[in-house]
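S.K.: Please find the sequence and the predicted model below.
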Amino acid sequence: MESITSTSELHKAIREMEEKQVMQGQFLKEQFNLTVEKLKPSNLIKSIKQDIGSTGIVKTLLGGTLGLAAGYISKKLITRSSRNQAKGPFKGLLGNLIQVAITGLIAKNGFALKKIGTGLLQQMFKRKKAY
């Protein structure tokens, strides 16, 4: 900015700065109104719903849940524990290790396992052609 040497230049610079301040104030009010609108509960829920659907979080959660369920079921099948039957420390440790391994395997490779499973099911229920 140039140095101001006269009163008229000073008044002109003040007017320009006042106009700039008014424009910035209007912009700030518009941004505030947009922010208030986006922070309304209904709009927050809509944006969260869109984010969940678009980023694949549902698929990840579903894979993790299926992995946990499969790990728990496999542990129960291996250890076959019941309330009346005491299980030894080795059997309990083995069950826990198997549960962790299967949970991790399914959670990390859920899509590949899904492809393999659907392929096997299609082969099992494939109709044979009559000649």
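M.R.: Noted; the coordinates are in hand.
S.K.: CA atoms for contacts and neighbours, from now on please.
M.R.: OK.
S.K.: Which helix runs longest in the protein?
M.R.: Longest helix in the chain, counting residues (DSSP state H): helix 7-38.
S.K.: and it, what does it pack onto?
M.R.: Where contact means 3 or more CA pairs under 8 Å, 6 or more residues apart in numbering; DSSP states H and E, helix 7-38 is not packed against any helix or strand.
S.K.: Skip ahead from the one helix or strand residue 71 maps to and say which helix or strand is next.
M.R.: Residue 71 belongs to helix 57-79 when assigned by DSSP states H and E. Once helix 57-79 ends, the next helix or strand along the chain (criterion: DSSP H and E) is helix 89-108.
S.K.: In that next one, which residues are buried?
M.R.: For helix 89-108, burial by neighbour count (16 or more other CA atoms under 10 Å) applies to 91, 95, 96, 98, 99, 100, 102, 103, 104, 105, 106, 107.
S.K.: contacting residues around it?
M.R.: 60, 63-72, 74-76, 78-79, 113 (CA atoms under 8 Å, 6 or more residues apart in numbering).
S.K.: what's the answer for stretch 112-122, then?
M.R.: residue 106.
S.K.: if we can go back for a sec, which one among the buried residues of helix 89-108 gets closest to residue 37?
M.R.: Nearest to residue 37 among the buried residues of helix 89-108, counting by CA to CA, is residue 107 at 38.2 Å.
S.K.: Per-residue pLDDT of the closest one, please?
M.R.: Reported pLDDT at residue 107 in the predicted model: 74.
S.K.: That one and residue 17, how far apart?
M.R.: With distances taken as CA to CA, to the nearest Å, residue 107 is found 60 Å from residue 17.
S.K.: just for this structure, where's the confidence low?
M.R.: 1, 52-59, 81-87, 110-111, 127-131 (pLDDT under 70).
S.K.: so who does residue 76 touch?
M.R.: Per CA under 8 Å, 6+ apart, neighbours of residue 76: residue 95.
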